[in-house]
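**Q** Provide a 3D model corresponding to the input given below.
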Amino acid sequence: MNITVDGRTVPAEEGQTIAAALHADGLRAWRTTRVGARPRGLFCGIGVCFDCLVTINGRASIRACLAPARDGDVVTTGGER
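**A** You can find the predicted model right below:
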């Protein structure tokens, strides 16, 4: 299956989270902090922090580490790569 991330097709496996699919595709950081513009992406992996926030299918501020990837999901990030 595939998801679309910032207009780019990213493969995802059944049972993977959005964060796992991004990480497997080589994307380690997908947003930056407000102060200092430090890169953020997958950190805790269990939903405790908020470093992995993305927008999924128009719903903002979703923790990518908790969101299951579904075929056809459209994900937008903070643009950090």
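
**Q** Confirm L22 sits in a helix?
**A** Yes. Assessed by DSSP: H, G, I helix; E, B strand; the rest coil, L22 belongs to a helix.

**Q** pretty sure it contacts A29?
**A** No. With contacts counted by CB atoms under 8 Å, L22 stays clear of A29, the gap being 9.6 Å. Quick note: C-beta positions are derived from backbone N, CA and C, even for glycine.

**Q** Those two: which is more packed in?
**A** The neighbour comparison of L22 against A29 (other CB atoms under 10 Å) goes to L22, with 27 against 17.

**Q** For G36, see how far away that one is.
**A** Here the distance between L22 and G36 works out to 22 Å (CB to CB, to the nearest Å).

**Q** again with C49
**A** Where G36 is concerned, C49 sits at a distance of 17 Å (CB to CB).

**Q** Could you do D73 as well?
**A** D73 sits 30 Å away from G36, taking CB to CB as the criterion.

**Q** Of those two, give the one with the bigger neighbour count.
**A** Taking D73 and G36 together and counting by other CB under 10 Å, D73 has the greater number of neighbours (20 against 6).

**Q** That one touches I3, doesn't it?
**A** Yes. Using CB under 8 Å, D73 is in contact with I3, at 4.3 Å.

**Q** Identify the contacts common to these two.
**A** Between them, D73 and I3 share the neighbouring residues I18, with contact defined by CB atoms under 8 Å, 6 or more residues apart in numbering.

**Q** any idea where the strands of this structure begin and end?
**A** Counting by DSSP state E, the chain forms strands over residues 2-5, 8-11, 29-32, 39-41, 53-56, 59-63, 74-76, given from the N-terminal end onward.
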